[in-house]
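**Student:** Based on what follows, work out the 3D shape:
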Amino acid sequence: MTISIEIIGVEPACYRCKETKENAEKAAAKLRAEGQDITIDKLDVMAKSTMDRFGVVRTPALVVNGSIKIMGKVPDPGVIERIVRKEL
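**Tutor:** Numbers count the residues shown, from 1 in each chain. Take a look at the predicted model:
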């Protein structure tokens, strides 16, 4: 099963959005080492497609398998890892 992680943020990315994506990459690397299939994408908060899917969100936002899990704060890699493990 593939787990999809999406980071919603501004373009160009602000410091907090960059840090959230970096932390997601760290969490994903650990999970991939265990054999999990993880994808990570960055979405522009102002894009019509993002607004149509999620409405108005505070950035950065962390989305896992299409569901917003965290909004408006930067989660550390351990928090992201725990959220993803709940989806397995």
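**Student:** going forward, measure contacts between C-alpha atoms and count neighbours the same way
**Tutor:** Noted.
**Student:** from what I can see Val57 touches Met71, true?
**Tutor:** Yes: using C-alpha atoms under 8 Å as the test, Val57 is close enough to Met71 to be in contact (6.9 Å).
**Student:** doesn't Val79 make contact with Ala24?
**Tutor:** No: using C-alpha under 8 Å, Ala24 is not in contact with Val79; the gap is 9.4 Å.
**Student:** Comparing those two, which shows the higher neighbour count?
**Tutor:** Using other C-alpha atoms under 10 Å, the more surrounded residue of Ala24 and Val79 is Ala24, with 26 against 15.
**Student:** how about the more buried one, what does it touch?
**Tutor:** Applying C-alpha atoms under 8 Å, 6 or more residues apart in numbering to Ala24 gives the contacts Ile5, Ile40, Pro77, Ile80.
**Student:** likewise Ala61?
**Tutor:** Contacts of Ala61 (C-alpha under 8 Å, 6+ apart): Ile7, Ile8, Gly9, Ile68, Lys69, Ile70, Met71, Gly72, Lys73.
**Student:** List the beta-bridge partners for it.
**Tutor:** Beta-bridge pairing for Ala61 (DSSP bridges): Ile8, Met71.
**Student:** Please narrow the contacts of Ala24 to those residing in helices.
**Tutor:** Secondary-structure check on the contacts of Ala24 using DSSP state H: residues within helices are Pro77, Ile80.
**Student:** And the closest residue to Pro75 other than its chain neighbours, how close does it get to Gly35?
**Tutor:** Nearest residue to Pro75, sequence neighbours excluded (C-alpha to C-alpha, 6 or more residues apart in numbering): Thr20, at 6.4 Å. Applying C-alpha to C-alpha, to the nearest Å, the value for Thr20 to Gly35 is 22 Å.
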